[in-house]
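K.L.:
Curious how this folds, go ahead:
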Amino acid sequence: MVSMTIHTLPNTLTIDQLAALSSCSLHQIARNAAGTLTTFRLILGRCLVAMVRNDGYLQFGCSSAVHYACSVLGLADWRARELMRLAVTLEELPRLRVAAENGEISWCKLREVIRVADPDDEERWLEICQRHSYAEVERLVGRARAGQRLDADPDAEAAAMT
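P.N.:
Alright, predicted model coming up:
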C-alpha cells in the first residue's frame, strides 16, 4: 500500500493510488477539488473582465475578451460570457463572493443563485446553497424568478417542493 497523506497534490495521484485511500481522505480531496474548480472559474472570469477593462485581448490579436477566451484559451463563447457575468455580479455580492473564493459553494449552485440574489438576501441564498442539494437550489431559484416569495425557513420551502 502506498503511504501518503491528503496533503499530496491530488493531480499527481493515479486512480489506483486514490482507491487505496480511506473514504474520508477521498472525500476531503474531492471537496477540495470541487472548491478549487469554483475558485479557478471565478479567477478566470475576473481575468476576462480585466482584459475588457485594459484591452489586454488586443495584444493577442483578438477583438474581445470572449474572442481571446475562445481562440487562446479554448473556451466556448457561452462559457466565457458566463464566467464574466458571474465575476461582475459577484462584485456586488460580497458574502457569495467570499464563499466562492473559499470554495464553500459549488459552481453549479453559485451559477443558479447569482440570477436572483441581491445584497439584501445574499446571506439567505448562501445558507440555502450550503444546506440544500443542487436540485432544491434550482427549484428555489425558479420560484424566486417567478416572483414567488420564499418562506422564512428555507428548509420548509425545500421540503414543501418535494
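K.L.:
quick one: Arg46 from Leu90, how far?
P.N.:
From Arg46 across to Leu90, the span is 9 Å (C-beta to C-beta, to the nearest Å). Any C-beta I mention is one placed from the backbone N, CA and C, and that applies to glycine too.
K.L.:
start to end distance for stretch 60-71?
P.N.:
9 Å (C-alpha to C-alpha, to the nearest Å).
K.L.:
Show me what counts as buried in that stretch.
P.N.:
By 16 or more other C-beta atoms under 10 Å, the buried positions in stretch 60-71 come out as Cys62, Ser64, Ala65, Val66, Tyr68, Ala69, Cys70.
K.L.:
do stretch 112-123 as well
P.N.:
Buried, per 16+ other C-beta under 10 Å, within stretch 112-123: Glu112, Val113, Ile114, Val116, Ala117, Glu122.
K.L.:
just for the chain, where's the confidence low?
P.N.:
The chain contains residues with pLDDT under 70 at 1-10, 150-162.
K.L.:
Quick test: name the residue nearest the centre of it.
P.N.:
In the chain, the residue lying closest to the centroid (C-alpha atoms, centre = their mean) is Trp107, at 2.2 Å.
K.L.:
Spit out the contact partners of that one.
P.N.:
Neighbour list for Trp107: Ala34, Leu37, Thr38, Arg41 [criterion: C-beta atoms under 8 Å, 6 or more residues apart in numbering].
K.L.:
what are the phi and psi values for it?
P.N.:
The phi and psi values for Trp107, taken as degrees, to the nearest 10, are phi -60, psi -40.
K.L.:
Now do it against Gly45, distance only.
P.N.:
11 Å.
K.L.:
Please apply the same query to Tyr57.
P.N.:
14 Å.
K.L.:
I figured Thr38 was touching Cys108, is that so?
P.N.:
No - distance between Thr38 and Cys108: 9.1 Å, which falls outside the contact criterion (C-beta atoms under 8 Å).
K.L.:
Give me the more crowded residue out of the two.
P.N.:
Thr38 (23 against 14; other C-beta atoms under 10 Å).
K.L.:
by contact count, what packs against whichever helix or strand the more buried one is part of?
P.N.:
Assigned by DSSP states H and E, Thr38 falls within helix 23-54. Helices and strands touching helix 23-54, by 3 or more C-beta pairs under 8 Å, 6 or more residues apart in numbering; DSSP states H and E, are helix 65-71, helix 77-90, helix 94-101, helix 107-113.
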